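Undergrad: A predicted structure for the sequence below; I have some questions about it.
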Amino acid sequence: MDLKEKLKYYEPFSKPVDAQKPHTPISDIGHWIQGSEMENHYGRYFWVRMSFPSDYHHGVHSIQMIPDLPGSVYSRIGKDDGLQAFHPMKALYVDTETTGLAGGTGTLPFMIGAGYYTDEGFTVEQFFMRDYPEERAVLSAFIERLGEFESLVTYNGKSYDINILESRTILNRMDHSINRLPHLDLLYTMRRLYKRRLSDCSLGNIEKYILGFERQDDVPGYLIPGIYFEYLRTRQCHRLVSIFDHNRWDILTLAALTRHTGIVYHDPFTVLEHGQDWLSLGRIFESFNLMRQAAVYYKTALQLSNDSEMEQEIRFRLGLIYKRFGYWNEAIQQWEQQTQSRLFQVHPFEELAKYYEHHKRDYKHAIDWVDHAIKRVDMLSQLNPEIQFTQDREALMYRLKRLKRKMSKLPKQM
């Protein structure tokens, strides 16, 4: 068999897949999804637009924004001073659906969802790439819309969506930076607020437990790339409906969460009900050095707490805030409450010992608290040999010896 005959043998297998399968026309997507074929200087793409009234509720929460919240609220939410001028009514809410979940230059955003506020309510637009050649047209249409807004809101967009869009614009030699706008990524603040109570802070879980919204017949995110590839192979459009729904729900969730989070940071008493969330909010405000507000949130968490370990943490943090402001009676009350807990922690004993040593010069009381802690350590070591208290005991013994030396130098009472 010569080379020519060998090539003939492989010829049937070398034909493109598209040439072997009859496809329905690319425009048939309009039979399943109410949208329009659009065209710009890069080509054509599919576009969907849906509007929602201002009183629309996504779960139990409205998407209508609270007017005139201080810019400092959003800069705290995002932990970013660049959000001082952020206004939710002037932001673009963005979520993408891509050909892969890992990211990288080979991942294409085949759908870009963009939501924004209008005088009538909230609008969601979806720019869809019906085939690979439409990528530049979709990116261009999205960039044009983005130019009308002052900031971005995403969920994990800093690590994923916006990076992918930025990469694709560079690879397509499009002269535009998506990263130029102030960017509020809600994933991080959701973790700071709710991870203590909800270990899973995925968007679906946050929707369910924070917004009270449960999706019906939603397609899991990990299946979306496969559905899109199936569409590319078969041109059967019916399964795309679930992707459009999924993306639209994501955008509405971004709007509702932006409203909800603004309220949490501005007036939490109207929305927070769980002690764990109050404790998390206290930690957040303590990280901003807003100690008085943090103390209010800790005390609220303490009232709602039914967990001994959580109560220990709250009392310790409250004690440190009172100590910072010189409210010693209040600090001592918190630390003494901690020492009575069945959950042993060495910190309150140390703080009480330091108070009596440095502020009262009462070495006897300081020694008493250290002795008390050492006895607790020894007892717990006997009851739980598998738990090591070596470092705690060494630190306490060092403090005890130092206190006894100080006490021995005091003039003896007649």
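TA: Perfect, I can see it now.

Undergrad: Just give the number of residues close to residue 147.
TA: A count of nearby residues for residue 147, using other C-beta atoms under 10 Å, gives 10. Yep, even glycine has a C-beta here, placed from its N, CA and C like the rest.

Undergrad: tell me the pLDDT at it?
TA: On the pLDDT scale, residue 147 is placed at 94.

Undergrad: any idea how far residue 216 is from residue 250?
TA: Residue 216 sits 15 Å away from residue 250, going by C-beta to C-beta, to the nearest Å.

Undergrad: So for those two, which residue has more residues nearby?
TA: Here residue 216 and residue 250 are compared on neighbour count by other C-beta under 10 Å; more neighbours surround residue 250, at 24 against 6.

Undergrad: Residue 135 is in contact with residue 129, isn't it?
TA: Yes. Look at residue 135 against residue 129 with C-beta atoms under 8 Å: they come within range, at 5.5 Å.

Undergrad: Secondary structure element for the closest residue to residue 259 other than its chain neighbours, which one?
TA: Excluding its sequence neighbours, the residue lying closest to residue 259 (C-beta to C-beta, 6 or more residues apart in numbering) is residue 65, at 5.5 Å. Here residue 65 sits in a region with no helix or strand, counting by DSSP states H and E.

Undergrad: thinking again about what came up before, which of residue 135 and residue 129 has more neighbours?
TA: More neighbours surround residue 129 than the other of residue 135 and residue 129, with 23 against 19 (other C-beta under 10 Å).

Undergrad: which non-adjacent residue is nearest the more buried one?
TA: Nearest residue to residue 129 in three dimensions, chain neighbours excluded: residue 110, at 4.4 Å (C-beta to C-beta, 6+ apart).

Undergrad: And the helix or strand harbouring residue 368, what's buried?
TA: Per DSSP H and E: residue 368 is located in helix 363-383. By 16 or more other C-beta atoms under 10 Å, the buried positions in helix 363-383 come out as 363, 366-367, 369-370, 373-374, 376-377, 381.

Undergrad: returning to that earlier point: can you check which residues contact both of residue 135 and residue 129?
TA: Contact criterion C-beta atoms under 8 Å, 6 or more residues apart in numbering; residues shared by residue 135 and residue 129: residue 108.

Undergrad: before we move on, back to that, columns distance to residue 43 and pLDDT on top of the buried residues of helix 363-383, output as TSV?
TA: Output for these, formatted as TSV (distance: C-beta to C-beta, whole Å; pLDDT from 0 to 100):
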residue	distance to residue 43	pLDDT
363	83	92
366	78	93
367	82	94
369	76	94
370	77	93
373	73	91
374	77	92
376	74	90
377	73	88
381	74	84
